[in-house]
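Novice: just to be clear, the model below is a prediction. Sequence and coordinates:
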Amino acid sequence: MESSFKSLQELVQSALVSTTRLTNQVAAEDLGFQRTSDPAVGEELEGISSHLLTLTSSLLQSATKGTDVVPPELEDAEDIDVHWSRIVDVLDHLLEKADTSLDEYTGAIKRKTAPTADQPPPPPKKSRYTLDQSMRRANILKPQNAFEHKPNNNNNDTSPWKPILTKKPHARLSFEDSLVAFGDDEPLDPQYKHPYEAEILSLEYPKAVFQQKDPIQYLPVESTTATFVDTYDGVLEMLQELKGATEIAIDTEHHDFRTYSGLLSLMQISTREKDWIVDTLQPWRRKLEVLNEVFADPSILKVLHGAYMDIVWLQRDCGLYIVGLFDTFEAACALQYPTRSLAYLLKRFVDFDADKQYQLADWRIRPLPEEMFYYARSDTHYLLYIYDHLRNELLSSGTAEDDLMHHVLSKSKETALRRHETSAYDAETGQGPYGWLNLLIRHSSGKLTKEQFSAFRAIHEWRDKLARQEDENPLFVMSNPTLFNITRQLPPDPKALHGLLDAGSFLAKREVSGLFKIISKAVEQGANGPSVAEAIRGTASASMGIGEVARRVFPRIESAKDELKVQNLIAATSRLWGDMPVSTRWEPESRKSQPKQHEFELPWAKFVQSATLAEDVEEAPVHDIVMAENEPTTSASQPGDQAPQDREFTLKSGRKRNSSELEQDSSSSSSSSSSSSSESDDESEDAPEPDEATISESKLDDEEIAVPDDDSSEEEREDKKAKKAEKKAAKKARKEAEKRQKQEKRDRKKANKAAKKPSQAAAGGKDGKEAGTDESDDEPFDYSTAQSVLKRQGKADDKSGMRKARFNPYALTAEGPKPARRFHGEKPGKSATFKK
């Protein structure tokens, strides 16, 4: 049995390997090109595709036979993308079935009896990674329609959002003084301050936060129950119990798919002994403001995880504010945990696996299913126990210089000070969280034509307006892929537009005729409208100042009472460069005409001296740059002269060698091999040594930089011309003298060689050969008879005949440096990649 199974396993694996290899080869080919270039290949590909679809359909049918999984019907290749989720369900079912069979084979679970015809089909097994569509997108009545205070989605209301609380418990600053607006003196719209800003900033956390204690064990979930609070009387009873606690854990659940601004759908509160699930979708939800008696109490610590958005939702929908926040997310960041999610903390400290698929559930469903109720309760039931561990770890890991606990509390205060603000829709610039600009940049749609871009903005504005009217999410009205699909295709009639809308765009299909008129009008206006780049960049030129940029980026500045002046935003001097001009074109005239009083040689002066212009400047007169060691150069420019014209030039670093130096080097190199030390001494004594002034003057003359001089007067130019002529004449004479000296030097060398010829001819053997080679000093080098460099033969010693030992860099010597380290190279031979 085992041998037959093993042979079958090997057969299946080999078939899978060959099939996978063949599939990869086919995928690497350009089938689209082959299909269009050769009709016969196209027909053959069509036949193979239909055959593969038939095989796939039959496999799906056989895999789901006897189960409740309905296989999809694949008629063409596009059906694979349409029914991909159903195909994945079939594969999941097969994998689960394989797991069960393997467990039965290994004895991990008891083998089940074979099913009979009378037995009902097994119940469907829910996957832990997928959530049922009825729980994600529930088709229920909108609870916001029954609210006493309905959401305000009016885009024309430009007034700032005002906090909805009516009283302020635990106040250090009175309620009237807290609800004040700020920003009246600025060109921006005013906003209301945080009502508990003074209390949060001056908060001193309880002393228990700074004390290490043993974590208090949580109560088992099985032995305790959670209370669902959906009445105002239940809220008051819960409030009385919360007042006696020293720490409470809070979490919220939010819904934003069937509403424009979002709905706080659920709130979980836990103490050490009890859990509550509060329904925040009741018509009297504003009365939950009474919980501020606990939420704003500085003596009660409020523990939340990732409270960045919870703070905003609580104050927007219920008027609740938290004073004394401890964010476990900030604690996980300070302790540098690998991940900062609540699921990780639950697994680390409680060994609890949170089923995070319910995070995407529709929390408006009432009554709550058991699974969702358990998930909501688990978010806060263990949170205080996790806080105990984090508190102890923060106190033990912190130091006097790096106090982790104070850092976490400071970050928590910043989170608690967040405010809810409303933002209007700007159809012109697309700015804001609901604007089209972020969506356009995120999808990299810069290739849209002017007509398409105009239609895109019109559809986006229409979608936002309809979503506000119906209190729906703009994505529920029309998804982003559908929006871009309509933008690129620009349907010619309402019927074609209706065909482009997806199945879930109920509101868009209802308004298809009005939407088509809007698209048609936008296409006509877009022919002469801006492009995508122009709309993003605006109509500003390249030299637009920062004030103009701010006026375009922040559109609220346009409607301000006091107009913002661009000159007020431009500093007189740069903070980086100071008053140093980057170019003489931007240098003030006062600085240009001001004479230099003191000059000194900068570190890069030698580089300027040794630099040479790539192109000679012959049109304009030139002057020399001569820098003496003790005599600084001064130049005064005339204020009435014209600014020099900008020209392209290249500074070549390094110093160009003179021809005289090259000749001197060549002669010295040739004489060094043939002349003895005594002869070289005689020649050095005979050669006249030029003085130091001559050498410095020669270097400066050979390395001059031609600079156009338009600021000098006519008399100065004539003087400089005369000086230039004198300098050139002196230079010419100096070169002739050097040339004569070199010729005399060559003549002396030839005489010395002629005197040595008789003695060299008498010498024999090896010395004679060497002398013969010296005679042909002026002859070119013969590479054919030269000794090999790579395979050089070592010379034997004259006396012993032994070769000198080669230098070993790895050997340890008594007086030498530390030897080099040996590196282990790759061992010879082939490496075995696969081992059977």
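Specialist: Yep, that arrived.
Novice: and the closest residue to residue 419 other than its chain neighbours, what pLDDT?
Specialist: Leaving out its chain neighbours, the residue that sits closest to residue 419 by C-beta to C-beta, 6 or more residues apart in numbering is residue 194, at 5.3 Å. From N, CA and C alone the C-beta is placed, and that goes for glycine too. For residue 194, the pLDDT comes out at 95.
Novice: and what of residue 104?
Specialist: 73.
Novice: do residue 402 as well
Specialist: Reported pLDDT for residue 402: 83.
Novice: residue numbering should commence at 41 henceforth.
Specialist: Okay, residue one is now 41; in that scheme the one you just asked about reads as residue 442.
Novice: state the three-state secondary structure for it.
Specialist: State at residue 442, reduced to three classes by DSSP: H, G, I helix; E, B strand; the rest coil: coil.
Novice: quick one: it from residue 335, how far?
Specialist: Noted for residue 442: a distance of 31 Å to residue 335, by C-beta to C-beta, to the nearest Å.
Novice: looking at these two, which is more packed in?
Specialist: Just comparing residue 442 and residue 335: by other C-beta atoms under 10 Å the higher neighbour count belongs to residue 335, 26 against 10.
Novice: ramachandran angles for that one?
Specialist: phi -60, psi -30 (degrees, to the nearest 10).
Novice: pull the contacting residues for it.
Specialist: Residue 335 makes contacts with 290, 342, 354, 360-363, as judged by C-beta atoms under 8 Å, 6 or more residues apart in numbering.
Novice: just for the stretch 141-290 of the chain, where's the confidence low?
Specialist: Low-confidence segments of the stretch 141-290 of the chain (pLDDT under 70): 147-170, 223-229.
Novice: now the contacts of residue 335 in JSON lines, with secondary structure, distance to residue 191 and neighbour count?
Specialist: Below are the contacts of residue 335 laid out as JSON lines (DSSP: H, G, I helix; E, B strand; the rest coil; distance: C-beta to C-beta, whole Å; neighbours: other C-beta atoms under 10 Å):
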{"residue": "290", "secondary structure": "strand", "distance to residue 191": "23", "neighbour count": "25"}
{"residue": "342", "secondary structure": "strand", "distance to residue 191": "26", "neighbour count": "22"}
{"residue": "354", "secondary structure": "helix", "distance to residue 191": "15", "neighbour count": "25"}
{"residue": "360", "secondary structure": "coil", "distance to residue 191": "17", "neighbour count": "26"}
{"residue": "361", "secondary structure": "coil", "distance to residue 191": "20", "neighbour count": "26"}
{"residue": "362", "secondary structure": "coil", "distance to residue 191": "22", "neighbour count": "22"}
{"residue": "363", "secondary structure": "coil", "distance to residue 191": "26", "neighbour count": "20"}
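Novice: which of the residues you listed lies closest to residue 848?
Specialist: residue 342 (74.7 Å; C-beta to C-beta).
Novice: for this protein, longest helix please?
Specialist: Longest helix in the chain by number of residues, with DSSP state H as the criterion: helix 754-802.
Novice: and it, average pLDDT?
Specialist: 82.
Novice: what is that helix packed up against?
Specialist: helix 699-714, helix 717-726, helix 732-742, helix 805-815 (3 or more C-beta pairs under 8 Å, 6 or more residues apart in numbering; DSSP states H and E).
Novice: tell me the secondary structure at residue 343.
Specialist: strand.
Novice: swap that for residue 308, please
Specialist: Strictly by three-state DSSP, residue 308 counts as strand.
Novice: residue contacts, residue 383?
Specialist: Residue 383 touches 393-394, 396, counting by C-beta under 8 Å, 6+ apart.
Novice: just the buried ones out of those, please.
Specialist: residue 394 (16 or more other C-beta atoms under 10 Å).
Novice: inside helices: which ones of the contacts of residue 383?
Specialist: Per DSSP H, those never map to helices.
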